[in-house]
Structures are given as C-alpha cells and as structure tokens.
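K.L.:
Below are the sequence and a predicted model; questions follow.
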Amino acid sequence: MLVDAMKACAAATPPATTLIDLIVVDNDVAGTARSIVEKFAADNPIPVTYAVEPKRGLAEARNRGIQLGLERGARWLAFIDDDSQPHPDWLDRLVTVLRSEGAKLVGGANIFEAPEAPMTAWQQFICRGLVDGSHRRYCRQRDRMPRDKVTIVTGNWCADLDWINEKALRFDQRYSTTGGEDTAFDRSMRATGAKVLFVAESIVVETVPVARISLRYQFKRLMMSGITKYNYYRRCRGRAFALARALPQGLLAVFAGPLLFVVSAILAIVNPRLGGLLLVRTTRLVGKTIGAFGGALGLYIDNHGYADEADRAATRRNPW
C-alpha cells in the first residue's frame, strides 16, 4: 500500500509554479519502511525524505511531518495516508483553494472502495454498506453542507505552514493513542481565525482492508471516535454540555437502534445493498453513541493496537 500511495503522490498534477517534495514518516523505531522508501526514491525523480518518528503516536507522527516541512522551507503541507489512492488532481485542487480563497486549512473527500482480495459473503455484504455509506457521506458534504462546516481530516488535508508556524499550532498529543487528533487540529485552526474549507473536487480513495470489514471493527472504530469527540467537548465546555450534546444521539440509539437492526435484517433479504448500508450505519450509530457518553463522562481508551486486534479478529470463526 505504501508503494502505491507514493506512486500516486509522485504522479499527482503539481499545482502551478510549485515544486513537490515527498516526506514519509515511519512511526516505527525499527524503521521497517526504510528499504521500501529508499528503493522508490532511487527509481523516481521526485525528492523523497524518509524519517523515523520513534515515539509512537498519531500526533507525534504528524507533528514530525510539520517539522520536516518547515525545515525544508515548504509553504504548504499536505497529508495522505499510506492506504489511500488520490485522484491525480487531488493536490492541485487543494492548493488552488488555499491560494485563491485565502484559506489556511483545506481538505477533500475520502471515499471507500472494495478490496480486490477474496471476501466471504458476509464481508461482501458489510463492504457494500461501507462503500455506499462513504459515497452518501460525500454527497451530503458536497451538496448539503456549507463548505466551512465540514471537519477536515488528515486522509485528504492541506494547510498553510506559515500560518501553522506563526500560531505555533501542533497536533495535540493527548489524542495520540485515541485518534481524533485531526478533528482537534481542525478546531484549533478555526479558533485562531483561520479560514477552513472543504474542497469537494479533491478526492482520495481508500481501499478497505478485508480484515477490517466486520461489524465489530466498525462498532469499535466509531466508539473510539465518539470517546475522542466528547472528551473534547467535556474539556472545552464542561461535562454538562457534553452530556447534553450526547443525549439526543443516545435516545435515538436506545429507541431506534433495535428497530433499525431488525429492519436492516429484513431489508437485506429484499435489497442486500440497502440492507447492508442500514446495518453498517446502525452499528456505527450505536458505537458512536456509547463512545459519546463514555467521552462525556471522562472515559479514555488506548487506541494503539485496536486495528491490529481487528486484523487478528478476521481469522476467528465468529463473523461479528
């Protein structure tokens, strides 16, 4: 996946009068990606910088990227994950908006696609729901949400390094093991008065690993998201505010959740695509709701290894 992501970055349409450097931050003290990156750098004309961030954590790895960008004198810094494939004009679209609209942080769409690897019938059912859900989310962001109301996440992200440096902004290390560091950074940028915009034309496609196509993984991932988000609310606005924000979502999950599970099971017989979509969305809703109340009450869960745990779970007999 890393090689494919680097190839896509190297092939991206460069913004006008802009030079592109590629930085790979390996968040592994053993530097396991070094040989892969060095081989790629030897075979491609794009300048490549490889760095090891020994302290494990999402925020630490991203902050190392900021540091390296500043050291290289970059004006803008774009983030993309190693399991993603951007459209060729992905970066050009982002930088064009930064330039033309005076934005300081922009981001585009992240859309799921099915893996080419073999899947069980159950995984195919869940995968359809995930892919369809990502497309529906994109359409909602593109057509119905104001551009300045969409949270910018690091899977498709570009920011003005001068502004970041001037305001002394970094990714919050309190989120290093829980995730949500990009959401917190989005809020921090807005708090400085920065213009933050969603660029619908910039699209990055993420292939869903087979091992993560399960209701268990989706439930846990959204629970972690809910914990992180509502911990943020609790710290910034107080526990009462966080609980009040979580309450409507909780009532929806308690009263509608069981019914939605039943409806999705029945609908799956008539229309597997819609049934899968509803089942995945309901699972994610319940997970996010539990996380919301946990975060509002001050619960923290270490996120490290939960994806690895999900990968191991793929070998179990229980399809959940």
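P.N.:
Cool, the structure landed.
K.L.:
What's the mean pLDDT across whichever helix in the chain runs longest?
P.N.:
Under DSSP state H, the helix in the chain containing the largest number of residues is helix 239-270. Helix 239-270 shows a mean pLDDT of 87.
K.L.:
The next helix or strand after that helix packs against which elements?
P.N.:
Beyond helix 239-270 on the C-terminal side, the first helix or strand identified by DSSP states H and E is helix 272-296. Secondary-structure packing of helix 272-296 (3 or more Cβ pairs under 8 Å, 6 or more residues apart in numbering; DSSP states H and E): helix 121-143, helix 215-237, helix 239-270. Bear in mind the C-beta positions are built from the backbone N, C-alpha and C, glycine included.
K.L.:
the residue most distant from the middle of this protein, which is it?
P.N.:
The outermost residue of the chain, judged against the average C-alpha position, is V270 (32.4 Å), by Cα atoms, centre = their mean.
K.L.:
so who does that one touch?
P.N.:
Going by Cβ atoms under 8 Å, 6 or more residues apart in numbering, V270 touches no other residue.
K.L.:
quick one: it from R187, how far?
P.N.:
Counting by Cβ to Cβ, to the nearest Å, the separation of V270 from R187 is 42 Å.
K.L.:
And for I66?
P.N.:
17 Å.
K.L.:
and the spatially closest residue to G295 that is not a sequence neighbour, what does it touch?
P.N.:
Distance criterion Cβ to Cβ, 6 or more residues apart in numbering; nearest residue to G295, sequence neighbours excluded, is Y230 at 3.0 Å. The contact partners of Y230, taken as Cβ under 8 Å, 6+ apart, are A242, R245, A246, G291, A292, F293, G294, G295, A296.
K.L.:
From the chain's centroid, how far away is the longest helix of the chain?
P.N.:
Between the mean C-alpha location of helix 239-270 and the chain-wide mean there is a distance of 23 Å, by Cα atoms, centre = their mean, to the nearest Å.
K.L.:
how about that helix: buried residues?
P.N.:
By neighbour count on 16 or more other Cβ atoms under 10 Å, the buried set for helix 239-270 is 242-243, 245-246, 249-250, 253, 257, 260, 263-264, 267-268.
K.L.:
and what of stretch 92-108?
P.N.:
92-99, 103-108.
K.L.:
Could you identify the most distant pair in those residues?
P.N.:
D92 and K104 (18.1 Å; Cβ to Cβ).
K.L.:
coming back round to it: would you list the helices and strands packed on helix 272-296 in CSV and tack on distance to A42?
P.N.:
As requested, those are exported to CSV (distance: least, Cβ to Cβ, whole Å):
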stretch, distance to A42
helix 121-143, 35
helix 215-237, 37
helix 239-270, 50
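K.L.:
among those helices, which is nearest E38?
P.N.:
Here helix 215-237 is closest among these (Cβ to Cβ), at 32.7 Å.
K.L.:
Quick one: mean pLDDT over stretch 283-296.
P.N.:
pLDDT averaged over stretch 283-296 gives 89.
K.L.:
Need the CA coordinates for it. CSV is fine.
P.N.:
Extracted in CSV, the C-alpha atoms of stretch 283-296 (Å, rounded to 0.1, in the frame of the first residue of the first chain):
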residue,chain,number,x,y,z
THR,A,283,-23.8,-0.4,14.1
ARG,A,284,-21.7,2.8,13.7
LEU,A,285,-24.5,4.8,15.3
VAL,A,286,-24.6,2.6,18.4
GLY,A,287,-20.9,2.5,18.7
LYS,A,288,-20.6,6.3,18.4
THR,A,289,-23.4,6.8,21.0
ILE,A,290,-21.7,4.6,23.5
GLY,A,291,-18.4,6.4,22.9
ALA,A,292,-20.2,9.8,23.2
PHE,A,293,-21.4,9.0,26.7
GLY,A,294,-18.1,7.5,27.7
GLY,A,295,-16.2,10.6,26.5
ALA,A,296,-18.7,12.9,28.2
